[in-house]
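[1] missing the sequence, but the structure's below:
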């Protein structure tokens, strides 16, 4: 028997009022595959992620996470959103923020030793364990980003979704994050939303191009023409030392 897809969308459409954002999307991501979602700003990437997580309901179509409705399947997901609203003056430590990733799934009350071990392990993966007692608001933007990734990881998810994980992260942190994602990809499914395909090109198997509609390409077949079709303009993409430049039709 074939393994249940981790993510499955069939004929999904979604609109904000009269404005259609996602139209007739069908998509399957199997277990232990790493995929990257790209597309122009406003093209529907974050909306599509929210639909997958059950944070939004489609106007029509079917969505399944691990073969379940999204609200049930998302308990097995670690998620880092692109934008997070928080009060930097609220007295939470780095460890406190990371432990928030252990909430849900029936957990209530104070974190136990298992929760703390999982949070500290995630912080260590991201090079932030030594900062565990520091106020979260005192960190730099890049350091906060790494803590939020640790928060997504400490639930020990089967699916990890990271929305623009390299924003505000320096080159050294990018390298460490890439090594971590390469290791994690051997035991979990990963969906990245990123404008930086050069960063993830060594671990990504497929590219999900989103601009209202969705096209999926194996990374090896991602052509300049495909990129131009998604963004609708001249773009440049570096991949494995090769410069891909869409055709100039002028």
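    Yes, it's here. From a predicted model like this one, the values you see are computed outputs, not experimental measurements.
[2] residues contacting the residue lying closest to residue 208 once chain neighbours are set aside?
    Leaving aside its sequence neighbours, residue 208 sits nearest to residue 37 (Cβ to Cβ, 6 or more residues apart in numbering; 4.4 Å). Using the backbone N, CA and C atoms, a C-beta is placed for each residue, glycine as well. Contacts for residue 37 (Cβ atoms under 8 Å, 6 or more residues apart in numbering) come out as 45, 48, 49, 191, 192, 193, 194, 207, 208, 210.
[3] need phi/psi at the residue most central in space within the chain.
    In the chain, the C-alpha nearest the mean C-alpha coordinate belongs to residue 162, at 2.2 Å (Cα atoms, centre = their mean). Backbone dihedrals for residue 162, given as degrees, to the nearest 10, come out at phi -120, psi 120.
[4] that one against residue 152, yeah?
    Yes: counting by Cβ atoms under 8 Å, residue 152 is a contact partner of residue 162 at 6.8 Å.
[5] pLDDT weak spots in the protein?
    Low-confidence segments of the chain, defined by pLDDT under 70, are located at 1-2, 83-88, 104-109, 168-169, 199-200, 219-250.
[6] quick one: the strands in it, in order.
    Assigned by DSSP state E, the chain shows strands spanning 7-16, 19-29, 34-38, 60-65, 77-80, 159-163, 189-193, 206-211, 213-218, 237-239, 242-244.
[7] now render those strands as a markdown table, adding distance to residue 182.
    Below are these laid out as a markdown table (distance: least, Cβ to Cβ, whole Å):
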| stretch | distance to residue 182 |
| --- | --- |
| strand 7-16 | 20 |
| strand 19-29 | 18 |
| strand 34-38 | 9 |
| strand 60-65 | 24 |
| strand 77-80 | 17 |
| strand 159-163 | 13 |
| strand 189-193 | 10 |
| strand 206-211 | 16 |
| strand 213-218 | 18 |
| strand 237-239 | 16 |
| strand 242-244 | 20 |
